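>>> Give me coordinates for this.
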Amino acid sequence: MKITKLVVASHNAGKIAEIKTLLAPLKIEVQSAADLRLGDVEETGTTFEENAKLKAEALCMMCGLPCLADDSGLCVDALDGRPGVYSARYAPNRDFNEGMKMLLKEMEESGKSTRKAHFSCCMALAYPNEKTIIFEGRVDGNISQTPSGNGGFGYDPIFIPEGFDKTFAELGEDIKNKMSHRSRALEKLINKIK
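All right, here's what the predicted structure looks like:
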């Protein structure tokens, strides 16, 4: 499977920049759905895989190019795996500062002492006239007491990956890109398309 151009089914600038950085060594031209003026695809699935597949296949049909979509989210043990597939929508108007405040408050109110959580990512690669391929990645860690750091995006300021004492937002792009849930899923994709 040779890919020279890839459309990323996202309008999230942080996510697109991360994917472009990770795919740069393969010399693949990466465009976003926004670059091609393609609209958002509604995420009606109940799992990361369903949503990723739905978005990748819909965009592939629209533009006739290989399309990569991911669905990812933060799964918090004290909240029984929530916000999960609803991570972006959990934050009011996608304001993640508000979303983090809500999440920390809800954890406190849960009465559970565990701070364990994981980021999960499912990527779907839809190729014209081919079966969609799924790649998954996960990174385990803990939720911090308060947000910290200015890097990354989304819930990065409250997620401390296992083996570290700083949040993704404090660790910097280079470290995060080597171990994030998205980079682990992309690594599997890269091995498949090399």
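
>>> And the average pLDDT for the helix or strand residue 108 falls within is what?
Following DSSP states H and E, one finds residue 108 within helix 96-110. The average pLDDT for helix 96-110 rounds to 95.

>>> now the residue positioned nearest the centre of the chain, nearest residue through space, not along the chain?
When Cα atoms, centre = their mean is applied to the chain, the residue found nearest the centroid is residue 72 (3.8 Å). The shortest distance from residue 72 to any non-neighbouring residue, by Cβ to Cβ, 6 or more residues apart in numbering, is to residue 121 (3.9 Å). Bear in mind the C-beta positions are built from the backbone N, C-alpha and C, glycine included.

>>> Going by contacts, tell me the helices and strands next to the lowest-mean-pLDDT helix or strand in the chain.
Within the chain, no helix or strand scores below helix 13-23, which has a mean of 82 by mean pLDDT, DSSP states H and E. Helix 13-23 sits against strand 5-8, strand 29-32, helix 173-179, helix 181-193, with contacts defined as 3 or more Cβ pairs under 8 Å, 6 or more residues apart in numbering; DSSP states H and E.

>>> ok, the second one: who's next to it in the sheet?
Which is strand 29-32. Neighbouring strands of strand 29-32 in its sheet, by DSSP bridges, are strand 5-8 (parallel).

>>> Any chance you could give me the strand it pairs with in CSV, C-alpha atoms only?
Provided in CSV are the C-alpha atoms of strand 5-8 (Å, rounded to 0.1, in the frame of the first residue of the first chain):
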residue,chain,number,x,y,z
LYS,A,5,-1.1,12.0,-0.1
LEU,A,6,-3.3,11.6,2.9
VAL,A,7,-6.4,13.5,4.2
VAL,A,8,-6.8,13.7,7.9
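
>>> average pLDDT for that strand?
Mean pLDDT, computed over strand 5-8, is 90.

>>> In it, which residues are buried?
For strand 5-8, the buried set under the neighbour-count rule, 16 or more other Cβ atoms under 10 Å, comprises 6, 7, 8.

>>> which residues are contacting that strand?
With Cβ atoms under 8 Å, 6 or more residues apart in numbering as the test, strand 5-8 has contacts from 15-16, 19, 23, 28-33, 36, 38, 59-60, 63, 65-69.

>>> rerun at 10 Å
With contacts defined as Cβ atoms under 10 Å, 6 or more residues apart in numbering, strand 5-8 is touched by 15-16, 18-20, 23, 26, 28-36, 38, 55-56, 59-60, 62-70, 123, 125-127, 189, 193.

>>> With that, I have no additional questions.
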